[in-house]
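[1] with the input below, show me the fold.
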Amino acid sequence: MTDTELQRQARRNVALAGGFAIHLLVYIVVNAGLLLSGRGRGVALGWGLGLAIHGLVTLLKLGGQGLRRRLVDAEVQRLRSRG
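    Predicted coordinates for the structure are as follows:
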């Protein structure tokens, strides 16, 4: 990857992680208020499921990029050793 491509990918990764962090912060603040007022248990559970899915997708995307890179590097090494 070129430096420009690395910068672009780094910006995407930071934006992805930042988006999840904002979602988590809003979830905590809003649901704390709802739970303190005696309402919102169902909201907290439903939104929590959505937050968990968002977190899983974020984790897989960020972790999956490293996995894909390692697999490609391993395949390149394998092809080089054959030839």
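[2] tell me how far residue 5 lies from residue 60.
    According to CB to CB, to the nearest Å, residue 5 and residue 60 sit 21 Å apart. Where you see a C-beta, it was placed from the backbone N, CA and C, and this is true even at glycine.
[3] for residue 38, that is, sorry about that
    36 Å.
[4] cool, residue 69 as well?
    Counting by CB to CB - residue 69 and residue 60 are separated by 14 Å.
[5] go on, residue 78?
    25 Å.
[6] of residue 38 and residue 60, which one has the most company?
    residue 60 (11 against 7; other CB atoms under 10 Å).
[7] residue 18: neighbour count?
    11.
[8] tell me the secondary structure for it?
    The three-state assignment at residue 18 reads helix, by DSSP: H, G, I helix; E, B strand; the rest coil.
[9] centre of the chain to stretch 24-42, how far?
    23 Å (CA atoms, centre = their mean, to the nearest Å).
[10] may I ask you to name the longest helix in the chain?
    Counting by DSSP state H, the longest helix found in the chain is helix 41-82.
[11] quick one: average pLDDT of that one?
    In this model, helix 41-82 carries a mean pLDDT of 88.
[12] for that helix, packing partners?
    Applying 3 or more CB pairs under 8 Å, 6 or more residues apart in numbering; DSSP states H and E, one finds that helix 41-82 contacts helix 3-36.
[13] and the helix it packs on, which residues are buried?
    16, 20, 23, 27, 31, 34 (16 or more other CB atoms under 10 Å).
[14] quick one, it and helix 41-82 angle?
    160 degrees (axes from the mean of the first three to the mean of the last three CA atoms, to 10 degrees).
[15] packing partners for helix 3-36?
    Against helix 3-36 (3+ CB pairs under 8 Å, 6+ apart) you get helix 41-82.
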